[in-house]
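Asker: Kindly generate the corresponding structure for this input.
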Amino acid sequence: MSRAWAVSVAMMVAALPAWAQDVGVVSTEQMESSRSGGIIIRVGGYKPLLDDEKALNGNTPYEDTFGDASLLLVELELQRYFYQGIGTAGVGVSAGYGEKYAAAKLAGGGNAAEQTALKVVPLAFNLFYKFDYAAFEWGVPLVPYGKLGLIYTPWWVTKGSDTETADGITASGGKWGWG
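Answerer: Residues are numbered from 1 along each chain as shown. Next comes the predicted model:
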């Protein structure tokens, strides 16, 4: 968990705006630059829906191991705008990382001395539209937006420092979805 906090703090510090000097009166047209894309950094909770899988037949391995808490997810999205008029439309790609640690479970259900972790790396490609016309033209500070995307999330489970293996099956995989 400390690695995720360190990464999120480093990303927030890197995103701080630079300070510029006042060099006199400049018109707003000279100060504006063209917009061709954007960078978005997200940090928040993420709760995988592992326990909803039909193949588990009602078992709840995520809740049994990690409880009801979500894991911390740090995500970076790069956007490229292809339309700017009454709003902005574009494409984006994003990648994230999240992990959650808990005591490993023994066959009898008790806690083992080793730690287990669930690690996820959500990767997404999306199309979006932001109604930012009111923000730029009238100073309205809210920008409604919509996004539709394809998501692939590789995941793996570790026990100690190795990827978990049970009955010859490695605890790793990936899941396709949409958002």
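
Asker: So Gly90 lies in a helix, does it not?
Answerer: No: secondary structure of Gly90 (DSSP: H, G, I helix; E, B strand; the rest coil): strand, not part of a helix.

Asker: where do the helices sit along this protein?
Answerer: 2-14, 28-31, 61-66, 133-138 (DSSP state H).

Asker: low pLDDT regions in this structure?
Answerer: Where the chain drops to pLDDT under 70, the residues are 1-33, 165-167.

Asker: ok, 90 please
Answerer: Applying pLDDT under 90 to the chain picks out residues 1-36, 47-69, 85, 102-117, 135-137, 139-141, 157-173.

Asker: What's the separation between the residue sitting nearest the centre point of it and Val120?
Answerer: In the chain, the centroid-proximal residue (CA atoms, centre = their mean) is Glu75; its distance is 3.4 Å. With distances taken as CB to CB, to the nearest Å, Glu75 is found 11 Å from Val120. Heads up, the C-betas are built off the backbone N, CA and C, glycines and all.

Asker: same check, this time on Phe66
Answerer: In terms of CB to CB, Phe66 sits 12 Å off from Val120.

Asker: How about Leu56?
Answerer: For Leu56 relative to Val120 (CB to CB), the value is 18 Å.

Asker: More neighbours: those two, which one.
Answerer: Val120 (19 against 12; other CB atoms under 10 Å).
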